[in-house]
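Trainee: prediction below, plus the sequence it came from.
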Amino acid sequence: MKSYIPKQLKEIEYTRFVILEGKRPINKGWTLNPQYYEQQEDSSWKHKESGEFYKVQGEVYYGDLTNYSFDNEELIKSINSEWNIGFLTGSGEVEVLDIDKKELKDWAVENLPLTFVIKTGGDEEHEHWYYKRKGENQKILLEKVGVHYGEWMAAGQQVVLCGSEHPKTKKEYTILNDLPIAEITEEHIELLKENFTDAGTKTTFVSPDWSRYKDLSGIKIESLLSYLPQLKKYGNEFYGSHPTHGSTTGMNFFINIPKNLWHCFRHDSGGDALALIAVLDGTCSCEDFKKGGKKLRGEDFKKALQIAKDKYHFEIKNKEDYTEVKKIRSNFEIKVVSAKELSNMDIPLPSWIVENLVPEEGLAIIAGKTGSMKSFLSTTMGVCSIYGKDFLGKFKTIKGTWLYFDEENPLRLTKDRNEKILEGLEVDAPEDLKYICHSGIKLDNEEHLQVLEEIIDRYKPLVVVFDSLVRFLSHTDENNAGEISNIFTKLRHLSTIYKTTFLVIHHMRKSSKEKGHEDQDERVRGSTDIVNAVDCLLLISRKDKSSPFINVKQEKNRFDKEIEPFVILIKQSEDKKGVSFEVTANAEQELSVADKAAAEILNWLREEKEWEDKNNKVFKTSEVIERFDGIFNKKFDRNRKIINEALNMLNIRERIKRTETKGYYLFVDTIEFEIKEVNDEDEEDE
């Protein structure tokens with residue numbers, strides 16, 4: 001028997017896995033979830049929100065992660081060595097109902113959504129039901145009147161995966177229901193506790209996520225409480241059974257007085273006072289106000305206004321009083337243009353902020369895998385644009401302010417990247433490159449979009465960079481075409497109004513041999529609507545983190561023919577404090593030539609070169625050029641360039657080091673080295 005990771009868990013970001021001996025993790029610190037903790041410079045781990053340090057047996061933990069992403073080499077090696085593998089529950093916001101009794105299984109079949117299920121190798125009724133659940137939640141012991149029914153496995157727990165062997169029965173864990181992992185609501189959780197814990201009769205207060213809604217009507221929701229006598233007060237909120245469809249838990253409906261909003265847990269819906277009036281009086285259903293619902297529009301909106309006046313006695317002189325409400329609800333103007341008017345319009349040709357790469361008043365994406373230097377390249381574009389320099393010494397730029405939202409990287413990495421680029425370009429820190437780090441702004445939150453709009457209006461940036469897309473989404477599924485389309489439609493609207501360009505940093509899909517896509521590494525992660533929505537798309541890739549070359553392919557250019565693929569050479573200053581980039585070739589074939597040259601030069605230094613001082617192996621560039629004259633290319637200038645690229649590659653890999661004397665190198669031949677000082681996004685694809 002050999003453990004394996006099911007496709008359902010591979011497809012969800014941030015899922016983590018642990019190596020087991022039987023059913024027990026073998027490594028210390030295996031519960032550490034990098035989705036919620038960030039490693040510090042002293043190798044400790046700090047919670048991103050609470051600031052508390054991760055501890056093991058009461059002591060602060062110092063060290064690396066001992067749980068792994070599904071494609072981690074250590075995990076794959078353990079799987080091939082036939083170790084059992086466990087899933088770290090809570091990672092990727094996936095939790096597990098661990099069923100031990102038939103009564104719990106029968107109840108789950110009747111009351112919970114169908115989902116992905118693994119049959120354990122233990123007792124007949126023992127199953128693991130997987131669910132998506134927002135937040136960092138705690139384990140729930142499902143035990144009532146002394147009878148143990150199972151557990152709800154959340155943060156800091158693990159469950160054994162399919163293909164593993166049960167340590168007692170020697171039976172295999174198998175997939176029982178090969179379905180997508182379903183979402184579970186807090187109402188389901190409350191039902192579970194009510195039926196299978198001794199605390200089931202006690203009230204557990206779970207406040208909704210109010211940031212999803214906005215008060216558009218201005219009507220005080222507090223005025224409706226007299227019509228809802230079943231509600232109980234808890235702080236600034238009132239809760240109880242839903243006034244129209246009721247509740248099995250007695251607490252699926254909430255009202256927040258300061259925020260002037262309501263929420264229904266059953267339908268995951270909510271809104272302002274006018275929306276609630278529409279529900280109370282049957283103009284709309286509760287489901288109309290969930291994500292993707294029809295909301296309150298047109299005749300329903302007019303009817304709700306009239307009911308608010310006639311039944312609930314809100315003082316409304318006439319419907320014109322709600323002009324502002326209607327303007328907010330639409331938030332855009334529709335202009336009809338005839339074909340004749342369109343023909344007579346003087347529309348300028350497309351112009352470029354970075355020639356052929358980043359358009360004015362447009363949407364663009366730079367996509368690549370971990371360590372491909374997406375953030376470095378986009379920042380370099382910005383600095384070049386601000387100073388009017390040609391990007392990569394080839395692509396002309398126009399001057400303007402760049403606003404960089406960095407949600408991806410720790411502040412120290414952003415600062416380090418900024419300093420290396422400025423040093424490499426030999427320019428001072430510009431005032432017009434502005435960073436906003438860890439702002440928490442979400443593009444699928446209306447209030448946050450208003451904040452973003454105010455920032456853009458204040459600084460009037462030529463380009464706004466989002467690094468990276470997934471960090472700016474809260475409840476949006478990047479694989480859902482409709483939801484993603486909505487995000488980019490809003491960005492397009494802001495781009496048109498404020499004449500700014502949005503440059504979005506995004507990731508590539510992880511490779512998956514199971515899916516059989518030969519070009520999987522070349523595909524942008526998420527819905528195809530991400531690619532459809534933008535004007536320009538650059539795909540960048542790198543052989544590994546020690547490679548000094550970056551492959552660039554323009555996958556889309558809405559305004560012109562896509563430019564030919566090209567290769568960027570990463571250059572470090574002699575003191576390694578600066579990083580710069582230049583176009584070095586037009587085909588990947590050039591990379592293999594430089595690679596082969598580096599290998600041959602390294603072999604010559606190791607095996608053939610005679611050293612005057614074996615304790616101080618210094619050599620000159622001219623010696624290498626003379627030794628390999630005409631070897632890599634018959635043309636002298638081209639051959640010399642290949643040699644220089646190969647020496648640069650060996651220098652980056654720390655096989656050789658530049659000396660203080662120009663043209664001289666010291667041969668050190670150390671072990672393989674990854675240039676972390678010029679890599680970013682170290683953990684983005686965990």
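Mentor: The structure has been received and is ready for your questions.
Trainee: which one is Phe667 nearest to, not counting chain neighbours?
Mentor: Leaving aside its chain neighbours, Phe667 sits nearest to Lys617 (4.0 Å; criterion: C-beta to C-beta, 6 or more residues apart in numbering). The way it works is simple: take the backbone N, C-alpha and C, and place the C-beta from them, glycine included.
Trainee: what about that neighbour, how many neighbours?
Mentor: Lys617 is flanked by 16 other residues according to other C-beta atoms under 10 Å.
Trainee: check contacts around it.
Mentor: Neighbouring residues of Lys617 by C-beta atoms under 8 Å, 6 or more residues apart in numbering: Leu605, Trp611, Leu666, Phe667, Val668.
Trainee: who are the packing partners of the helix or strand containing Trp129?
Mentor: Element membership of Trp129, judged by DSSP states H and E, is strand 127-132. With contacts taken as 3 or more C-beta pairs under 8 Å, 6 or more residues apart in numbering; DSSP states H and E, strand 127-132 sits against strand 94-99, strand 117-119, strand 182-183.
Trainee: which of those sits most buried?
Mentor: strand 94-99 (a mean of 25; mean count of other C-beta atoms under 10 Å).
Trainee: and the helix or strand where Leu88 lies, how far out from the chain's middle?
Mentor: Assigned by DSSP H and E, Leu88 belongs to strand 84-89. Mean-position distance between strand 84-89 and its chain equals 22 Å (C-alpha atoms, centre = their mean, to the nearest Å).
Trainee: check stretch 240-253 too.
Mentor: Relative to its parent chain, stretch 240-253 has a centroid offset of 35 Å by C-alpha atoms, centre = their mean.
Trainee: just stretch 177-194 next, same as before
Mentor: 24 Å.
Trainee: what about the closest residue to Leu179 other than its chain neighbours, how many neighbours?
Mentor: Of all residues beyond its chain neighbours, the one nearest Leu179 is Phe116 (5.2 Å), with distances taken as C-beta to C-beta, 6+ apart. Other residues within reach of Phe116, judged by other C-beta under 10 Å, total 22.
Trainee: could I get the pLDDT score of Phe116?
Mentor: Phe116 carries a pLDDT value of 95.
Trainee: other SSEs contacting the helix or strand encompassing Glu187?
Mentor: Using DSSP H and E, Glu187 maps to helix 186-196. Packing contacts for helix 186-196, counted by 3+ C-beta pairs under 8 Å, 6+ apart, involve helix 102-111, strand 140-144, strand 147-153.
Trainee: as JSON lines, those with distance to Gly382, mean neighbour count and mean pLDDT would be great.
Mentor: What follows is these, written out as JSON lines (distance: least, C-beta to C-beta, whole Å; neighbours: other C-beta atoms under 10 Å; pLDDT from 0 to 100):
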{"stretch": "helix 102-111", "distance to Gly382": "52", "mean neighbour count": "15", "mean pLDDT": "90"}
{"stretch": "strand 140-144", "distance to Gly382": "48", "mean neighbour count": "18", "mean pLDDT": "89"}
{"stretch": "strand 147-153", "distance to Gly382": "45", "mean neighbour count": "20", "mean pLDDT": "91"}
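Trainee: would TSV of these with distance to Ile76 be doable?
Mentor: Formatted as TSV, the helices and strands packed on helix 186-196 follow (distance: least, C-beta to C-beta, whole Å):
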stretch	distance to Ile76
helix 102-111	33
strand 140-144	33
strand 147-153	24
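Trainee: so which of the ones you listed is nearest Asn84?
Mentor: strand 147-153 (16.3 Å; C-beta to C-beta).
Trainee: centre of the chain to that closest one, how far?
Mentor: With C-alpha atoms, centre = their mean, you get 33 Å for strand 147-153.
Trainee: in its sheet, what does that strand sit against?
Mentor: strand 94-99 (antiparallel), strand 140-144 (antiparallel) (DSSP bridges).
Trainee: that strand vs strand 127-132, what angle?
Mentor: Inter-element angle recorded for strand 147-153 and strand 127-132: 40 degrees (by axes from the mean of the first three to the mean of the last three C-alpha atoms, to 10 degrees).
Trainee: many thanks, have a good one.
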